[in-house]
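J.: can't give you the sequence, but here's the structure:
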């Protein structure tokens, strides 16, 4: 039996991860879930974990290039989430969407700088 699905998802494996990104990019996830769970909770935890790992690597006197690579590793994911929040907020509209867009921009700045 063929595991190919015309929607682009593959049963198990990498297709599930592709569906995760696709659903967020296309606005298939609620704005609350995207902002609060995916961005504020999960992505912030990933950013903190990468910063802690970078500090450990720095304390072990490993090359600065490696330390910076670990520290900034979540940035592409954070940028993706910020764009996904903006795209979804534009579809939803209203004052709440505007506040979420502002919050996501400030969050991105904070996660990149800190």
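T.: Received it, and whenever you're ready, just let me know what you need. Remember, predicted model here, so these are calculated numbers, not experimental data.

J.: which SSE is immediately downstream of the least confident helix or strand in the chain by mean pLDDT?
T.: Within the chain, no helix or strand scores below helix 14-25, which has a mean of 75 by mean pLDDT, DSSP states H and E. Using DSSP states H and E, the helix or strand that follows helix 14-25 in sequence is helix 31-32.

J.: let me know whether residue 50 touches residue 77 as I believe.
T.: No: judged on CB atoms under 8 Å, residue 50 makes no contact with residue 77 at a distance of 10.1 Å. Every residue, glycine included, has its C-beta placed from N, CA and C.

J.: okay, helices next: where are they in the chain?
T.: Under the criterion DSSP state H, helices of the chain are mapped to 14-25, 31-32, 44-59, 64-72, 75-92, 95-113.

J.: winner for burial among the ones you listed?
T.: helix 75-92 (a mean of 17; mean count of other CB atoms under 10 Å).

J.: so which elements touch that one?
T.: Secondary-structure packing of helix 75-92 (3 or more CB pairs under 8 Å, 6 or more residues apart in numbering; DSSP states H and E): helix 14-25, helix 31-32, helix 95-113.

J.: output the ones you listed in JSON lines; the columns should cover distance to residue 59.
T.: Shown next, in JSON lines, are those (distance: least, CB to CB, whole Å):
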{"stretch": "helix 14-25", "distance to residue 59": "32"}
{"stretch": "helix 31-32", "distance to residue 59": "39"}
{"stretch": "helix 95-113", "distance to residue 59": "21"}
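
J.: closest one to residue 87 among those helices?
T.: helix 14-25 (6.9 Å; CB to CB).

J.: low-confidence stretches in this protein?
T.: Residue ranges of the chain with pLDDT under 70: 1-18.

J.: of the helices and strands packed on helix 75-92, which is nearest residue 86?
T.: Here helix 95-113 is closest among these (CB to CB), at 5.5 Å.

J.: now the closest one, how far from the chain's geometric center?
T.: Mean C-alpha position of helix 95-113 versus that of the full chain (CA atoms, centre = their mean, to the nearest Å) differs by 13 Å.

J.: who does it touch, helix- and strand-wise?
T.: For helix 95-113, the packing partners by 3+ CB pairs under 8 Å, 6+ apart come out as helix 31-32, helix 44-59, helix 75-92.
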